[in-house]
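Here is the input, now give the coordinates:
(one chain, ligands or ions: 2)
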Amino acid sequence: MSNAPKDTSAVAPATNFIRNIIDADLAAGKHAQRHWSGQPGLGAQQMAGAPDPAKIRTRFPPEPNGYLHFGHAKSICLNFGLARDYAGRCHLRFDDTNPEKEEKEYVDSIIDSVRWLGFSWQDEGENNLYYASDYFDWMVACAEYLIASGNAYVDSHSADEMRANRGTLTQAGTDSPFRERSIEENMNLFKRMQAGEFPDGAHILRAKIDMASPNINLRDPAIYRIRHATHHNTGAKWCVYPMYTFAHPIEDALENITHSICTLEFEDQRPFYEWLLERLAEGNLFQRPLPQQIEFSRLNLSYVILSKRKLIQLVEEKHVSGWDDPRMPTLVGARRRGYTPEGFQLFADRIGVSKSDSLIDYVLFEDCMREVLNEAAERRIAVLDPLRLIVDNYPEGQSEDCFAPNHPLKPELGKRAMPFGRELWIEREDFMEVPSKGYRRLFPGNTARLRHGFVVKCTGCDKDANGNVIAVHCEYLADSKSGTPGSDNYKVKGNLHWVSVAHGYAAEVRLYDRLFAHPAPGSYREGDRIDVERDFLDDLNTGSVQVISAWLEPSLRQARAEDRFQFERHGYFVADRFDSKDGAPVFNRTVTLKDSWTKSGN
Ligand code: ATP
Ligand code: MG
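Ligands and ions are numbered 1, 2, ... in the order given. The predicted structure is shown next:
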């Protein structure tokens, strides 16, 4: 890591295939004629509005059925970042068309996390926060248009029968006997489905495309099903609900989305996305140009699990303290851990977007956080594994201030006072009674500098009955105080971190490490076979958190929740946003100063 100051916000994101598409669209004026009524709606409503002030529209469409994770952050930075860079808008849309599953708790948390990452869906008079469940009337209108135009039919087969008729990758499907129902009969049945006349599963509305299509997704996909369920937004109003693949393109079109960016697993759905919107545009339900679906590869990160199912398991089985456990790859966890929004931005820019699946090294993620924190975090001193150092020639009861710069790269941030006294805490590893080769810190007869303080000469140590060192003795050199004339004359190699026993204070510090000890939790290589599955819980890192009581320099007492610091030599720490009290912050280690995993061969 370079120590040179770096303004990470000024690093322009590298271009990528999505930006190339947008550049070409803008150059061709593809979207210039669109109109926008200021609200989602069908084509006629939009056409009656003013020209769309947004050059492009993107969206981030989470399903409110869980907490956002690092993968979502990639999608958020991408979609909101494109809108920002191209004078566009990015909508936050809750894709809540599935009844029963969604919860308000998730909606609130998602809103918080997107804001925390630094993005807004409110620009210049627009408030682009939407709920797909507000669109059910329009979705039904779209479905009825498909029926009226001969593009959809009600199938009364059971789910099993439909599955049997679907065919396989190599074998065409078979037409349902209900496929040739008249438009009138289809319309009548769909109305009665909506009226609640049938139980779940009795009928289903299907698009009428091609049962022999090589793309299975085009073999008359289901678009509306009967589901007698209460929806958190629309209550008992509906007993039919749209399938996701039908709802999503319509949501995009209703919101004037120009570039609908999703992950690669939807690539096979793109022909249906296009088929559906083409039919609806033919019927003038939507204006052209229609939204374009573009796929990119999802984020996979070594040592990290992003599967919703497995994350739920971690929480429910209490392998972590909750969704916001600082070891969780959720954004609420990341925030508590001390990771920064700027670090996520930098990471998203560094990894870029592509269409090929890859596994990103966790070190890259941590390095982005280090880079941002190195720049942003003030320095402080904390002794994590304390050993008492007694300065025998310093008068008892006396103290004086030493001064330490708050940030080595930013002198404008000034200095802080660190009280010095007769008894200090130093790190246990900074003393060796019998030094190993090359050891430069304290051992009897050696001199070393107390950082930002005095040079001391070690005179010996005290031990308990078991031979454990319980205190180290030294004498200080009164004319060696850092920053005073002549102090540079002392050429000592060792540097010690210290906190005054009388002035420092003990605080809870949590040393977090990776939650998993294996780069691909739950899978491993066996000869030529890769990704052999086993229980991912077996790969939990047993040392992923250590709670200690550390000695902190007095100025840290004033730290407020979420203040970030570099504890010199130990890493970056944040005052926990929930457990810190006024005057008694609790610190979480965000990341160490250097990666210790790569070289240790873990
Ligand atoms: P589910 O399995 O419940 O659908 P999901 O992870 O797809 O889970 P969504 O709420 O549907 O969750 O995701 C919202 C958006 O985030 C989607 O557009 C999706 O493409 C994107 N997204 C989800 N996971 C990742 C990932 N690992 N990398 C990049 N984008 C992701
Ligand atoms: Mg999804």
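
pretty sure residue 165 contacts residue 178?
No - with contacts counted by CB atoms under 8 Å, residue 165 stays clear of residue 178, the gap being 10.7 Å. (Glycine included, C-beta is placed from N, CA and C.)

joint contacts of those two?
Contact criterion CB atoms under 8 Å, 6 or more residues apart in numbering; residues bridging residue 165 and residue 178 by contacting each: residue 157.

which residues are contacting stretch 498-506?
Counting by CB under 8 Å, 6+ apart, the neighbours of stretch 498-506 from elsewhere in the structure are 381-383, 386, 388-389, 399, 418-421, 423-426, 450-451, 453, 549-554, 556-557.

Quick check: nearest residue in space to residue 558, chain neighbours excluded?
With CB to CB, 6 or more residues apart in numbering as the measure, residue 583 is the residue that lies nearest to residue 558, at 7.5 Å, once sequence neighbours are left out.

number of nearby residues for the one you found?
Residue neighbour count, defined by other CB atoms under 10 Å, stands at 9 for residue 583.

again, but for residue 172
Per other CB under 10 Å, the neighbour tally for residue 172 reads 14.

distance of it from ligand 1?
Taking CB to the nearest ligand atom, to the nearest Å as the measure, residue 172 falls 30 Å from ligand 1.

what do you get for residue 233?
Residue 233 sits 16 Å away from ligand 1, going by CB to the nearest ligand atom.

Count the neighbours of the closest residue to that residue other than its chain neighbours for me.
Beyond its immediate neighbours in the sequence, the residue positioned closest to residue 233 (CB to CB, 6+ apart) is residue 133, lying 4.2 Å away. If you count neighbours by other CB under 10 Å, residue 133 ends up with 22.

Show the backbone phi and psi for residue 133.
When quoted as degrees, to the nearest 10, the phi and psi of residue 133 stand at phi -70, psi -10.

Tell me if I'm right that it and residue 98 touch.
No - the pair formed by residue 133 and residue 98 falls short of the contact definition of CB under 8 Å, at 9.2 Å.

Can you pull up the residues of this structure that come close to ligand 1?
61-63, 65, 71-72, 74-75, 262-263, 298-299, 306, 308 (CB under 6 Å from any ligand atom).

PyMOL command to pick out the buried ones of those?
If you want just the buried ones from the residues of the chain next to ligand 1 in PyMOL, going by 16 or more other CB atoms under 10 Å, the selection is:
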select buried, resi 61+62+63+71+72+74+75+262+299+306
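
Specify which member of the residues of the chain next to ligand 1 is nearest to ligand 1.
Sorting the residues of the chain next to ligand 1 by distance to ligand 1 puts residue 71 at the head of the list, at 2.2 Å, by CB to the nearest ligand atom.

just checking, the closest one touches residue 296?
No - applying CB under 8 Å as the test, residue 71 and residue 296 come out as separate, 11.4 Å apart.

So for stretch 53-71, first residue to last residue, what's the gap.
Taking CA to CA, to the nearest Å, the span from the opening residue of stretch 53-71 to its closing residue is 30 Å.

Disregarding residues adjacent in the polypeptide, which is nearest to the residue sitting nearest the centre point of the chain?
In the chain, the C-alpha nearest the mean C-alpha coordinate belongs to residue 70, at 2.8 Å (CA atoms, centre = their mean). In this structure, residue 70 finds its nearest non-sequential neighbour in residue 329, 4.8 Å apart by CB to CB, 6+ apart.

Show the pLDDT at the one you found.
Looking at residue 329, its pLDDT is 98.

residues in contact with it?
Each residue near residue 329 by CB under 8 Å, 6+ apart is listed here: 69-70, 301, 304-306, 311, 515.

Residue 350 too?
Taking CB under 8 Å, 6+ apart as the definition of contact, the neighbours of residue 350 are 364, 368.
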